[in-house]
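Chemist: heads up, no residue letters with this:
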């Protein structure tokens, strides 16, 4: 029977010749991930159940990312629960602040997750690793607790949908714009309970960083996983960083998809998602000239080195608008160091940006840029729900890093294409 | 008998429990802030055994288990929606908060209606309006987790059998 990529991966890992959508199965995991918010509840449940040993200390990643450096006493205590657990069980991939960063940027970057992996993580953006061709999905703390002890979890085989991207993208259109455009088209639950397979010539041409950005936001359409092909680009990225051998999976010719759609990439403009749903995305030319109080460049969606380069390209030699503040947060310590060495942090500092250590921070209204009453922010992160970044009366717009940088300079939502060719 | 609290599409986990309160996993500490960004009166009005009703894609967004924990801590006996975001659905089952999919119930019930859940009979009764709505049964495997009292009880049983989880 011809299977989709998701079906092929689950069948292989569950040791079955074939699987069908809707089937429930249990499978061993290559990697199990938790962070400082989700792991403490899991650790408590793990211990309350009487578990004394983790299934494999080499296959667990515990990353302090959300409320680090500690934002208050409770969050310090909470992170301490994870730190002590990591020490007690000899967890190999434990990363405190200053040594790691945001898990979804860190794990692919360091080769801790590799193509073909089966991964669960107690964070909804675990689906990011689909960019590498890993079947990776978000779960909650109790599923994490069970997996910490057993190295297994149960899956319902998802229906698969295939989205084919064709053509050449225009200037200032990146993975973020393609995924925002896609979510606007299929809706916030357009991929609910489903696996998305990204395909087409425009996907083949997409660099890994942008694939990770697109896979990251699969959850914003309700998807369980968003899979990119394990092709030359994925193998090149894995070579030299993968800590383990990787597996290659492909969809079978003739595999059945619940839905297939095509996106003409050449027709996609730089996108902006209006408050308060990612699906409210539209081309920047359709967005009113809105003044913003804050611009945030960072997060697991767009805090990579390539994102910072794009933003710095616009900010170099310019200043942040006097009525707007710009917060730049490199997603990991490695990105921070590279941005420092390349001079990008100097560009941001000279432009008047506030630069912070790697953290999820403002994306979820945690710290380092929480919004006050009635404030408006344009953010390169992934969610613009009511109250997501602070007070429920604050408004969040989502966009890619070039548009964010252009907006910081003008103080109003701005088409980054206006900055091309060096003219302002 | 339970009073229904009804909301719309895409009730996300950020409005169920804003991230600024995620410094604890204690349901009793989370409960006073449950749904405060959507309905500030909810936490003070909800009574033990009441039911929350959503439309499409209830519980979308972050995987925070604090969301079902906050609802449970507030005394909510069950959540009914036309559809659930998958991580929320899984989390609710895992911690023993019953969740029922019923488009008919999600459309028929209004805030303040008195409702009665009868999952064994596969129906939700609206006592205020004299209506009945069908409920989709949970998959057998999921029913087993619920019957065991949540996923951690299953782990306890496995640890007892195996001596140690490996």
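Modeler: Yes, it's here. For clarity, every value in this text was computed on a predicted model and none was experimentally measured. Residues are numbered from 1 along each chain as shown, chains lettered A, B, ... in the order given.
Chemist: Residue 151: neighbour count?
Modeler: You didn't pick a chain, so chain A it is. 20 (other C-beta atoms under 10 Å in any protein chain shown). Where C-beta positions appear, they are placed from N, C-alpha and C, glycine not excepted.
Chemist: not quite, I wanted chain B
Modeler: Residues near residue B:151, counting by other C-beta under 10 Å, number 25.
Chemist: can you pull the pLDDT of it?
Modeler: Confidence at residue B:151, expressed as pLDDT, is 91.
Chemist: so which helix or strand takes in the nearest residue to it once chain neighbours are set aside?
Modeler: Closest residue to residue B:151 apart from its sequence neighbours, by C-beta to C-beta, 6 or more residues apart in numbering or on different chains: residue B:94 at 4.4 Å. Per DSSP states H and E: residue B:94 is located in helix B:86-95.
Chemist: Mind giving me the packing neighbours of the next helix or strand after that helix?
Modeler: With elements assigned by DSSP H and E, the helix or strand that comes after helix B:86-95 is strand B:99-101. Applying 3 or more C-beta pairs under 8 Å, 6 or more residues apart in numbering or on different chains; DSSP states H and E, one finds that strand B:99-101 makes contact with strand B:78-81, helix B:86-95.
Chemist: Check which element follows strand B:99-101 along the chain.
Modeler: On the C-terminal side of strand B:99-101, the nearest following helix or strand under DSSP H and E is helix B:103-108.
Chemist: Of all the residues in that next one, which ones are buried?
Modeler: Residues of helix B:103-108 classed as buried: B:104, B:105, B:106, B:108 (neighbour count, 16 or more other C-beta atoms under 10 Å in any protein chain shown).
Chemist: between those, which is nearest chain A?
Modeler: Set against chain A, the nearest of the buried residues of helix B:103-108 by C-beta to the nearest C-beta is residue B:106 (13.3 Å).
Chemist: In contact with the closest one, which residues?
Modeler: Residues near residue B:106 by C-beta atoms under 8 Å, 6 or more residues apart in numbering or on different chains: B:53, B:54, B:55, B:56, B:80, B:81, B:82.
Chemist: Go again with 7 Å.
Modeler: B:53, B:54, B:55, B:80, B:81, B:82 (C-beta atoms under 7 Å, 6 or more residues apart in numbering or on different chains).
Chemist: the helices in chain B, which residues?
Modeler: B:13-16, B:27-30, B:42-45, B:66-73, B:86-95, B:103-108, B:140-147, B:151-162 (DSSP state H).
Chemist: swap in the stretch 51-200 of chain A?
Modeler: Ranges of helices in the stretch 51-200 of chain A, per DSSP state H, counting those that start in this stretch, are A:73-88, A:103-109, A:141-150, A:175-186.
Chemist: Span of stretch A:181-200 from start to end?
Modeler: The first and last residues of stretch A:181-200 sit 16 Å apart, counting by C-alpha to C-alpha, to the nearest Å.
Chemist: tell me which residues in stretch A:65-75 are buried?
Modeler: Using 16+ other C-beta under 10 Å as the test for burial, stretch A:65-75 gives A:65, A:66, A:67, A:68, A:69, A:70, A:71, A:75.
Chemist: who's in contact with it?
Modeler: For stretch A:65-75, contacts defined as C-beta under 7 Å, 6+ apart pick out A:35-37, A:76, A:79, A:97, A:101-103, A:357, A:359-360, A:364, A:366-367, B:23-24.
Chemist: No further queries at this time; thank you.
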